[in-house]
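1. Task: produce atomic coordinates for the following.
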Amino acid sequence: MNTLKQLRNFWIPWVTTIVLACFSTAVAQDGHKVQGSYRIIDLGNLTNDNLGCAMALNNRGWTLEMSGLMDPASNFSGAKVLSGRAVINIDGFKTDLGTLGGPNSWMNWGGINDHGEAVGMAETDVPDPDGEDICTLGTKLTCKPFLWRVGHMSALPTLGGNNGQASDINNHSEIAGTAETAATDPGCPPNHISLPVVWQDGKPQALPTIGSDPDGFAFAINQHGEAVGYSGTCTAALHAVSWTKGVAFSLPDLGGGAIAQGVNDHGQIAGIIGSADGSTEFGALWQNGILTNLGTLPSDFAAIATGINNQGQIVGSTLDAGFNWSHGFIWQDGVMSDLNTLLPADSNLFITMANKINEHGQISGMATVLSGPHAGDIHAFLATPVEGSIGRSIADVVPGRPKSNVATNLPNPFMLGFTLRQFPAQ
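-> Numbers count the residues shown, from 1 in each chain. Modelled structure (predicted):
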């Protein structure tokens, strides 16, 4: 399976200079004050679930989470999610957002704005007439993009097809995502062509793709209505794209395809680029038309960048040689740091995935529980920056990386069949 194979649906979760320096002030070995230390909160899961991930957060620190039941027989190289729900967590109070009539709701990164409006995807009780499984939980029910507000989930319209996904929402209630048309996709029949979309006032506006690309996806949208995502085919991201006033701009890459995952209000874009030789992928920053390769952590093989705030801080995740989630990272001032080196040694969570960062520097993501009755489970977390001494870090006391049991080639909810251009099958 391809490395980014399934970035089309969630977590998906690829030039100049590769930054692989150590953050010299990140870990306070002698206990002195450090900038960038974090207090981490275990957000857990819904009752009886063993998989949780905080996909998005707003500037109030409210998180939008996936809570699911992962097959306990799953192993490190793959995982099967049996059921799932989208959840809003406000200061520890969880609200199950429900569904559109089917058993599950989920998200492709998902978004929550400062008004508490949230977006994602949810199953109806209607079987998909073409046998598609866009929500990818094995039910093959029609999967609709949703908007949740004031306690009610409503379906967003598509472009004439049966399915779609909503991925982000700004404070003007403009929503980014993808929606199917009525036309069959010749590259993936019987699936339908799916175009990048921005919903305004509940109405879908299709965004252009690059050249003759049939498919695309808008992953994020800033407060100015500028959207970013990719243009390509049903199986490959050929171009990272930004859309301004409905015009598509292709972003530079290394020749191996790219995906734009996040955009701030200054137009800085974070995402993923495929390596020139097609063997791996790296975190990326696009600024003023210039691409910066963020590289990965020295101990890992690949990386994806998924969130960026107005201070230019970027968060994302690194992957090991097996393309499993390995470490959450923060990139700032030209340096990528393992978030686990910024947690106190008594933390019971090891961060394997960092997704988004808000304007206060709070970070949402996924972590492995290290000990206790939930040891080995995957929990959502919220990390808040604090100023003070951390002494030894969690990275100092945890030998190696605890297995998360969640791989990037996980059948969506984490990602759908999807890859960067020229990325070889494994």
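2. what about the residue lying closest to residue 89 once chain neighbours are set aside, neighbour count?
-> Leaving aside its chain neighbours, residue 89 sits nearest to residue 63 (4.7 Å; criterion: C-beta to C-beta, 6 or more residues apart in numbering). The way it works is simple: take the backbone N, C-alpha and C, and place the C-beta from them, glycine included. Applying other C-beta atoms under 10 Å, we find 29 other residues in the vicinity of residue 63.
3. tell me the phi and psi of residue 63?
-> Per-residue torsions, residue 63: phi -110, psi 150 (degrees, to the nearest 10).
4. and if you look at the one 5 residues further on?
-> Here is the backbone geometry of residue 68 (degrees, to the nearest 10): phi -140, psi 170.
5. Thought residue 80 was touching it, still the case?
-> No: taking contacts as C-beta atoms under 8 Å, residue 68 lies outside contact range of residue 80: 10.1 Å.
6. For the residue nearest to residue 89, name its beta-bridge partners.
-> Beta-bridge partners of residue 63, counted by DSSP bridges, are residue 57, residue 89.
7. try residue 328
-> According to DSSP bridges, beta-bridge pairing links residue 328 with residue 317.
8. who's in contact with it?
-> Neighbour list for residue 328: 315-318, 338-340, 351-354, 363, 365-367 [criterion: C-beta atoms under 8 Å, 6 or more residues apart in numbering].
9. in stretch 309-319, what counts as buried?
-> For stretch 309-319, burial by neighbour count (16 or more other C-beta atoms under 10 Å) applies to 309, 313-319.
10. Need those residues in TSV (columns: distance to residue 326 and pLDDT).
-> What follows is the buried residues of stretch 309-319, written out as TSV (distance: C-beta to C-beta, whole Å; pLDDT from 0 to 100):
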residue	distance to residue 326	pLDDT
309	23	98
313	20	98
314	17	98
315	14	98
316	11	98
317	7	97
318	5	96
319	6	95
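11. quick one on the thing from earlier: more neighbours: residue 68 and residue 80, which one.
-> Each of residue 68 and residue 80 has its neighbours counted (other C-beta under 10 Å); residue 68 has more, 23 against 14.
12. for that one, which residues make a bridge with it?
-> Applying DSSP bridges, one finds that residue 68 bridges with residue 51, residue 84.
13. So it versus residue 106, what's the distance?
-> Look at residue 68 and residue 106: by C-beta to C-beta, to the nearest Å, they are 8 Å apart.
14. and what of residue 267?
-> Distance, residue 267 to residue 106, using C-beta to C-beta: 30 Å.
15. More neighbours: these two, which one.
-> Of the pair residue 267 and residue 106, residue 106 is the one with more neighbours under other C-beta under 10 Å, namely 30 against 16.
16. Touching, residue 213 and residue 237? I think so.
-> No: contact criterion C-beta under 8 Å: residue 213 and residue 237 do not qualify, at 9.6 Å.
17. Show me which of these two is the more surrounded one.
-> More crowded of residue 213 and residue 237, by other C-beta under 10 Å: residue 237, with 34 against 20.
18. Sticking with that one, tell me its helix or strand.
-> Using DSSP states H and E, residue 237 sits within strand 236-244.
19. Apart from its neighbours in sequence, what residue is nearest residue 38?
-> Excluding the flanking residues, the one nearest residue 38 by C-beta to C-beta, 6+ apart is residue 383, at 4.3 Å.
20. Please apply the same query to residue 343.
-> Computed as C-beta to C-beta, 6+ apart, the closest residue to residue 343 that is not its neighbour in sequence is residue 394, at 4.3 Å.
21. picking up where we left off before, pLDDT averaged over the helix or strand that the strand holding residue 237 is followed by, what's the number?
-> Where DSSP H and E defines the elements, the next helix or strand beyond strand 236-244 is strand 247-250. Computed over strand 247-250, the mean pLDDT rounds to 98.
22. ditto for stretch 380-398
-> For stretch 380-398, the mean pLDDT works out to 84.
23. Likewise for stretch 187-200?
-> For stretch 187-200, mean pLDDT is 96.
24. what's the offset of it from the middle of its chain?
-> Computed by C-alpha atoms, centre = their mean, to the nearest Å, the separation of stretch 187-200 from the middle of its chain amounts to 19 Å.
25. can I have that stretch written out in CSV, keeping just the CAs?
-> Only the C-alpha atoms of stretch 187-200 are listed here, as CSV (Å, rounded to 0.1, in the frame of the first residue of the first chain):
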residue,chain,number,x,y,z
GLY,A,187,-10.3,5.9,-13.1
CYS,A,188,-12.2,4.3,-10.2
PRO,A,189,-15.6,3.0,-11.5
PRO,A,190,-18.2,2.7,-10.1
ASN,A,191,-17.0,5.6,-7.8
HIS,A,192,-18.1,9.1,-8.9
ILE,A,193,-15.9,12.1,-9.7
SER,A,194,-15.4,14.1,-6.5
LEU,A,195,-14.5,17.8,-6.8
PRO,A,196,-13.1,20.3,-4.3
VAL,A,197,-15.9,22.4,-2.8
VAL,A,198,-16.6,25.4,-0.7
TRP,A,199,-20.0,25.7,0.8
GLN,A,200,-21.3,29.2,1.4
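26. I am finished for the moment; much appreciated.
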